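*Asks:* Sequence first, predicted model second:
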Amino acid sequence: GFKAGETVYYAGKGGGYKNGDMNSYGATGEVKGPSTTSDLDCLFEGHKLVHSYRAHQLSRDPPPLFAGGFKPGDRLYYIGSAVLGYDASGK
């Protein structure tokens, strides 16, 4: 398992906390110890507070990027040809 002081990477889906801290895929953090509400307490770069995480949300290695180097939360733009014959509902 993970140990206090170990560097971890966030591999879960994005989301935030009431204090404004945001989880972002691939963020670097440090395990602070066991959690009373989940598996581990961690402090991620840019966070003001320690938060609790499930072990499956963490990785010892940076999580993989998607094809093209994209990661969750990236804004993408479609630059292909328009598809004719469909309205906004997809019909």
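*Replies:* Perfect, I can see it now.
*Asks:* does the most centrally placed residue in the chain count as helix, strand or coil?
*Replies:* Nearest to the geometric centre of the chain sits Y25, at 2.6 Å (CA atoms, centre = their mean). Classification of Y25 by DSSP: H, G, I helix; E, B strand; the rest coil places it in coil.
*Asks:* do the same with D41
*Replies:* Per three-state DSSP, D41 ends up strand.
*Asks:* which strand residues sit across from it in the sheet?
*Replies:* Bridge pairing for D41 (DSSP bridges) gives the partners G33, S52.
*Asks:* buried residues in stretch 35-53?
*Replies:* For stretch 35-53, a neighbour-count test (16 or more other CB atoms under 10 Å) marks S35, D39, L40, D41, C42, F44, H47, V50, H51, Y53 as buried. To be clear about C-beta, it is placed using only N, CA and C from the backbone, and glycine gets the same treatment.
*Asks:* Quick check on A67: phi, psi?
*Replies:* With angles defined as degrees, to the nearest 10, A67 sits at phi -50, psi 140.
*Asks:* burial count for it?
*Replies:* For A67, the neighbour count with other CB atoms under 10 Å is 5.
*Asks:* now do the one 4 residues further on
*Replies:* Look at K71: counted by other CB under 10 Å, it has 13 neighbours.
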